[in-house]
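J.: Sequence and predicted structure below; questions after.
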Amino acid sequence: MVVIPTYNEAANIDTVLRRVLALEGEWAALIVDDGSPDGTAHIVRRYQEEYPGRIGLIEREGKQGLGTAYLAGFRGALDAGFELICEMDADLSHNPDDLARLAAACNGPEAADLAVGSRYVGGVRVVDWPLSRLVLSYAAGIYTRAITRLPIQDVTAGFACFRREVLEAIDFSRVRSNGYSFQIEMKYRAWKRGFRLREVPIIFTERTEGQSKMSGAIVREAVGKVWQLRLAHLTGRL
């Protein structure tokens with residue numbers, strides 16, 4: 001199951017769903033839409049008719065944030081009994097074909113518990129980002145690793161695959177992040193519970209349709225969140 005949060009992604013969701021459902025194997029998608037005024041949910045409902053039983057849709061009232069959207073999707077995927085639960089953006093910055101590689105990293109005798117689609121392991125693999133955005137993202141990784149000691153390069157990656165045991169071990173009621181710091185928090189909580197993290201190199205391509213959801217508030221939340229996580233671990237309240 002791949003969980004995909006959406007807000008005003010009508011220009012991309014058609015292509016995303018077709019590519020996910022064309023993957024080899026029994027892939028399913030769960031869209032969590034925050035009341036998109038552009039009709040994203042309407043497009044998803046059409047696909048539900050075309051692919052019965054393979055597409056779920058959670059519709060929420062208004063923008064409630066990325067973190068809560070993912071948690072709602074994770075709960076839905078767990079309740080449905082999926083063993084591997086992935087997350088990805090709806091804007092095609094993540095290549096749906098790479099989902100198979102992430103899932104494969106969570107299978108076999110040396111399987112990871114959490115496979116991260118990494119833009120930075122073994123080099124930088126980002127296409128069409130302005131230099132300022134790239135520097136911000138890369139510096140955020142250095143800053144986060146210095147404080148948390150997370151053993152991965154791409155700490156803010158939003159492209160990942162979880163074994164269900166990882167999500168079951170995390171108390172969602174304690175997850176407070178609601179921007180991109182959500183990605184840091186989930187990785188940190190998984191790592192501190194002893195789960196194995198592995199980075200899978202991917203190529204990240206900047207969206208060509210729609211608008212980025214990045215904002216100053218999201219950056220500020222992430223700056224403070226890493227200290228909160230570190231302190232929570234040191235005081236036994238993680």
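T.: Received it, and whenever you're ready, just let me know what you need.

J.: All the strands of this protein, residue numbers only.
T.: 2-6, 29-33, 55-59, 84-87, 114-118, 126-127, 160-163, 197-201, 204-205 (DSSP state E).

J.: With distance to residue 154 and mean pLDDT added, can I get those in JSON lines?
T.: Every residue, glycine included, has its C-beta placed from N, CA and C. Formatted as JSON lines, those follow (distance: least, CB to CB, whole Å; pLDDT from 0 to 100):
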{"stretch": "strand 2-6", "distance to residue 154": "18", "mean pLDDT": "98"}
{"stretch": "strand 29-33", "distance to residue 154": "23", "mean pLDDT": "98"}
{"stretch": "strand 55-59", "distance to residue 154": "27", "mean pLDDT": "98"}
{"stretch": "strand 84-87", "distance to residue 154": "14", "mean pLDDT": "98"}
{"stretch": "strand 114-118", "distance to residue 154": "4", "mean pLDDT": "97"}
{"stretch": "strand 126-127", "distance to residue 154": "10", "mean pLDDT": "90"}
{"stretch": "strand 160-163", "distance to residue 154": "10", "mean pLDDT": "98"}
{"stretch": "strand 197-201", "distance to residue 154": "6", "mean pLDDT": "97"}
{"stretch": "strand 204-205", "distance to residue 154": "9", "mean pLDDT": "93"}
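
J.: so what's residue 73 scoring on pLDDT?
T.: pLDDT, residue 73: 98.

J.: can you tell me which residues contact it?
T.: 3, 4, 5, 30, 32, 58, 87 (CB atoms under 8 Å, 6 or more residues apart in numbering).

J.: Identify the bridge partners of the spatially closest residue to the last one that is not a sequence neighbour.
T.: It stands for residue 87. Nearest residue to residue 87 in three dimensions, chain neighbours excluded: residue 3, at 5.1 Å (CB to CB, 6 or more residues apart in numbering). Beta-bridge partners of residue 3, counted by DSSP bridges, are residue 30, residue 87.

J.: Can you report how many residues lie near residue 3?
T.: 25 (other CB atoms under 10 Å).

J.: Quick check: it touching residue 70?
T.: Yes - counting by CB atoms under 8 Å, residue 3 touches residue 70, with 6.2 Å between them.

J.: list residues touching both of these two?
T.: With CB under 8 Å, 6+ apart, residue 3 and residue 70 have common neighbours 32, 87.

J.: Can I get stretch 91-107 in PDB, CA atoms only?
T.: C-alpha atoms of stretch 91-107 as PDB (Å, rounded to 0.1, in the frame of the first residue of the first chain):
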ATOM      1  CA  ASP A  91       3.600  15.700  -7.500                       C
ATOM      2  CA  LEU A  92       5.700  13.200  -9.400                       C
ATOM      3  CA  SER A  93       8.900  14.400  -7.700                       C
ATOM      4  CA  HIS A  94       9.100  10.700  -6.600                       C
ATOM      5  CA  ASN A  95       9.300   8.200  -9.400                       C
ATOM      6  CA  PRO A  96       6.500   5.600  -8.800                       C
ATOM      7  CA  ASP A  97       8.700   2.900 -10.400                       C
ATOM      8  CA  ASP A  98      11.100   3.200  -7.400                       C
ATOM      9  CA  LEU A  99       8.400   1.900  -5.100                       C
ATOM     10  CA  ALA A 100       9.300  -1.600  -6.100                       C
ATOM     11  CA  ARG A 101      12.900  -1.000  -5.100                       C
ATOM     12  CA  LEU A 102      11.900   0.300  -1.700                       C
ATOM     13  CA  ALA A 103       9.600  -2.600  -1.100                       C
ATOM     14  CA  ALA A 104      12.400  -5.000  -2.200                       C
ATOM     15  CA  ALA A 105      14.700  -3.500   0.400                       C
ATOM     16  CA  CYS A 106      12.200  -4.500   3.100                       C
ATOM     17  CA  ASN A 107      12.200  -8.200   2.000                       C
END
